[in-house]
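Enquirer: Sequence and predicted structure, then a few things I'm wondering about:
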Amino acid sequence: MKSILLALSLLSTFYSFSQDNMTAYKKHVKTADSLYSTKHFAESAEQYHKAFSYLAGKAYPNDRYNAACSYSLANEVDSAFKHLNSLAFRQDYSNYNHIMVDPDLNNLKEDKRWNEFV
């Protein structure tokens, strides 16, 4: 009986911890979106970074794409490519047409990594 109670207690703690992490993730993504819309791109990128840390570096594809855009507009090209590559190779993001015309990514197109990426 003690084993069952211990297992339930651990499961409850894990579930609570996961919910807390997801809540924090969503809070930081919402802040990142707000900062992006007011053209505070570096701060937006930082909020995405914080959000992803709550899920051990994982992210929903749209959030990862938006992070890439924020990093790009903040002229943090290496980080922008890191997130785009993660989308393309780990999350199978395939909205190629949008990537090609999104003005948020224009400054990346001058980088030699752009051709490798597309």
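Expert: That came through, no problem.
Enquirer: so where's this structure shaky on pLDDT?
Expert: Scanning the chain with the threshold set as pLDDT under 70 gives 1-17.
Enquirer: Tell me which residue is most central in it.
Expert: Central residue check for the chain by CA atoms, centre = their mean: the C-alpha nearest the mean position is that of residue 64, 3.2 Å away.
Enquirer: What residues sit buried inside the host helix or strand of it?
Expert: Using DSSP states H and E, residue 64 sits within helix 61-73. Buried residues in helix 61-73, defined by neighbour count with 16 or more other CB atoms under 10 Å: 63-73. To be clear about C-beta, it is placed using only N, CA and C from the backbone, and glycine gets the same treatment.
Enquirer: okay, the residues you listed in TSV with distance to residue 112 next?
Expert: Output for those, formatted as TSV (distance: CB to CB, whole Å):
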residue	distance to residue 112
63	27
64	22
65	22
66	24
67	22
68	17
69	20
70	22
71	18
72	15
73	20
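Enquirer: Would you mind measuring from residue 47 to residue 109?
Expert: 25 Å (CB to CB, to the nearest Å).
Enquirer: the more surrounded of these two?
Expert: residue 47 (23 against 12; other CB atoms under 10 Å).
Enquirer: Leaving out the residues flanking it, which one is nearest to the more buried one?
Expert: residue 32 (3.6 Å; CB to CB, 6 or more residues apart in numbering).
Enquirer: To what extent is that neighbour buried, counted in neighbours?
Expert: 25.
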